[in-house]
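In: got a structure for you, letters missing:
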């Protein structure tokens, strides 16, 4: 099972967030989860297409990461273990602004 996490982080604070993500969060997450992708906005314009290419209120997600889990139970256990530990709390204490997440979404997909 794959979890695709997309965040719309406050663009005014994105540079500080990006530094925190690269220096602190991503190394920890990659060491403790099966992260198969971690993407941060690079400033290039979003391409919208389709029959109704209406931009979202907050624009496109500027942070996306993908985690592979063995099952829903594995995810529940992993999220609890990883995000309630002291090491993550220390990393999160250095977060530039935890209220800067304008919108967050998680989607789930099975491997094909």
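Out: That came in fine, so what should we check first? Quick caveat: nothing in here was measured; it's all calculated off a predicted structure.
In: next, the buried residues of stretch 76-83.
Out: residue 78 (16 or more other Cβ atoms under 10 Å). C-beta here means a position set from N, CA and C on the backbone, and glycine is covered the same way.
In: state the mean pLDDT of that stretch.
Out: Confidence for stretch 76-83, expressed as mean pLDDT, is 94.
In: stretch 59-67 too?
Out: 95.
In: is the closest residue to residue 4 other than its chain neighbours in a helix, a strand, or coil?
Out: Distance criterion Cβ to Cβ, 6 or more residues apart in numbering; nearest residue to residue 4, sequence neighbours excluded, is residue 107 at 4.6 Å. Recorded secondary structure, residue 107: strand (DSSP: H, G, I helix; E, B strand; the rest coil).
In: OK, contacts around residue 107?
Out: 3, 4, 6 (Cβ atoms under 8 Å, 6 or more residues apart in numbering).
In: go through the protein and flag its longest helix.
Out: Using DSSP state H to define each element, the chain has its longest helix at helix 72-83.
In: next structured bit after that helix?
Out: helix 86-93 (DSSP states H and E).
In: okay, buried residues for that following helix please.
Out: With burial defined by 16+ other Cβ under 10 Å, the residues of helix 86-93 counted as buried are 88, 91.
In: distance from it to the middle of the chain?
Out: 16 Å (Cα atoms, centre = their mean, to the nearest Å).
In: which elements pack onto that helix?
Out: Counting contacts by 3 or more Cβ pairs under 8 Å, 6 or more residues apart in numbering; DSSP states H and E, helix 86-93 is packed against helix 26-32.
In: which residues sit against the helix it packs on?
Out: Contact partners of helix 26-32, identified using Cβ under 8 Å, 6+ apart, comprise 35, 38, 65, 82, 87, 88, 91.
In: not counting sequence-adjacent ones, nearest residue to the fourth one?
Out: Same thing as residue 82. In space, not counting the residues next to it along the chain, residue 82 is nearest to residue 32; the distance is 5.2 Å by Cβ to Cβ, 6+ apart.
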